[in-house]
Each structure stands twice: as structure tokens, then as C-alpha cells.
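S.K.: Sequence first, then the predicted structure, then my questions.
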Amino acid sequence: MTLTSWLSLLAISFLGAMSPGPSLAMVVRHTLGGGRAKGIVCAWAHSIGIGIYALLTLLGLAALLKHAPLVFNGIALVGGLYLAWIGVQALRSKGGMADKLAAGKNTSARVAARDGIAISLFNPKIILFFVALFSQFVMDASTTAGQSLIVFTPLVVDGLWYTFIALVLSHGAVLPKLRAKAGLIDKISGVVLILLAIRVWFTI
């Protein structure tokens, strides 16, 4: 892989990571509910999902989805259902982030990791991102080093970006203010996730 191709891949990876969506909402919720450590766990679990898609793209995911639209529709449907489930959980008062904070309960590292990797694996936006943009770099990776760059560049960029988000949100001057608005954040993130799920279903 040439330096120019890698820089293009790096730029696209940053744009993909910085794009607001359910992944950002999930990292925010776990940072609020469990503090800096849980937010970082969620961030790197999410990045593992990104790395998995990068590897699958390298192994021919783009070609598979292009010639098997039913497979893509199935993945999108499952993704929509997952987004809706997370949204409903956020809207419910029982077990919501606001209630956990009021009761002094933190989210666990296991739940943060589960939600982080699931929100990346079942997010149709990420599938489209890799199929539409990322797969073009596969042709430039004829060596093991180039193939490794294709997998690890988006993985590391994604993990570092959401780690940065968790660090900013968990700052002593920021976190208390956000926690005071935890109920509102719960409701907003829930509505956004449900709307994203509906959009996915109508585009299948």
C-alpha cells in the first residue's frame, strides 16, 4: 500500500469515526453511567467491531453483499432491531441511565464492552461505510503489511477517537453537569436510536 493510499484511508477512517450517530450516543451513556474507565472500555470494544468489518471487507464482504442482497437486508434488519431495543431501554424509566445514576449504580465493564461491540457490528451505517468506501483500498493491499494496515488503521483510529470523547466527557468540570442532565440525555438518545431503527427498516 502506497503512502498516498494509506493517508486517504486514514482520512476516511477519521471521518467515519467522527460522524455522529448511535456509536457516539453509546459511548456517552457508558461514560456517564460508569465514568472514564467504562467509556474507554465501550470505545475499544466498538473499535474491535470496526476491525472485524475491516477484516471481513478484506476477505470479500463487499463482493458478498453486492451479489447477495438478502444477506445485506438480513444484517440491516437485525441492526435495526438492535438499535430499536437499545432505544427502548434508554426511554424506559426502570433501569435507565438516569435511575442507575440516582441509585449510585455504575454500568459494568461487561455491559459496556457488549454494547460497544454490538453497536458497531449491528449498525447498518457502518456496513454501508465499509462497502461503499472502504473496500476500494482492498485492491491496493497486495502484501501482508498492506492488509494489516487496512484492518488496524480504522480500528485504532476509532478506538482513539472514542477514547478522546470519553476522556473529555469524564473531565471533572464536565461530568457533573452531564450527569445532572442524565435523564434528558437518556430520552434524547432513546429517540435518536429508535428513529435510526425506523429509517433502517424503511430503506431495506
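M.R.: All right, it came through fine. Numbers count the residues shown, from 1 in each chain.

S.K.: Output the longest helix belonging to the protein.
M.R.: When the chain is parsed with DSSP state H, its longest helix is helix 144-169.

S.K.: tell me what it is packed against?
M.R.: When contacts are defined as 3 or more C-beta pairs under 8 Å, 6 or more residues apart in numbering; DSSP states H and E, helix 144-169 sits against helix 3-18, helix 22-34, helix 36-58. No exception for glycine: its C-beta is placed from N, CA and C like everyone else's.

S.K.: Just name the most buried of the ones you listed.
M.R.: Using mean count of other C-beta atoms under 10 Å, the stretch among these with the greatest mean number of neighbours is helix 22-34 (a mean of 25).

S.K.: Does anything pack onto that helix? Which helices or strands?
M.R.: Using 3+ C-beta pairs under 8 Å, 6+ apart as the contact criterion, the elements in contact with helix 22-34 are helix 36-58, helix 69-91, helix 97-102, helix 109-121, helix 144-169, helix 175-180, helix 182-203.

S.K.: mean pLDDT for the ones you listed: which is lowest?
M.R.: Least confident of those, judged by mean pLDDT, is helix 97-102 with a mean of 49.

S.K.: Enumerate every residue touching the closest residue to residue 26 other than its chain neighbours.
M.R.: Nearest residue to residue 26, sequence neighbours excluded (C-beta to C-beta, 6 or more residues apart in numbering): residue 119, at 4.8 Å. The contact partners of residue 119, by C-beta atoms under 8 Å, 6 or more residues apart in numbering, come to 22-23, 26, 46, 49, 82, 86.

S.K.: quick revisit: can you give me the angle the longest helix of the chain makes with helix 3-18?
M.R.: Computed by axes from the mean of the first three to the mean of the last three C-alpha atoms, to 10 degrees, the angle separating helix 144-169 from helix 3-18 equals 30 degrees.

S.K.: Could you tell me the angle between helix 144-169 and helix 36-58?
M.R.: Angle of helix 144-169 versus helix 36-58, following the same axes, to 10 degrees, is 150 degrees.

S.K.: and helix 144-169, which residues are buried?
M.R.: By neighbour count on 16 or more other C-beta atoms under 10 Å, the buried set for helix 144-169 is 146-147, 149-151, 153-159, 161-163, 165-166, 169.

S.K.: number of nearby residues for the residue lying closest to residue 194 once chain neighbours are set aside?
M.R.: Nearest-residue entry for residue 194: residue 87, 3.8 Å, with adjacent residues in sequence omitted and distances by C-beta to C-beta, 6+ apart. Residue 87 sits with 22 neighbouring residues when counted by other C-beta atoms under 10 Å.
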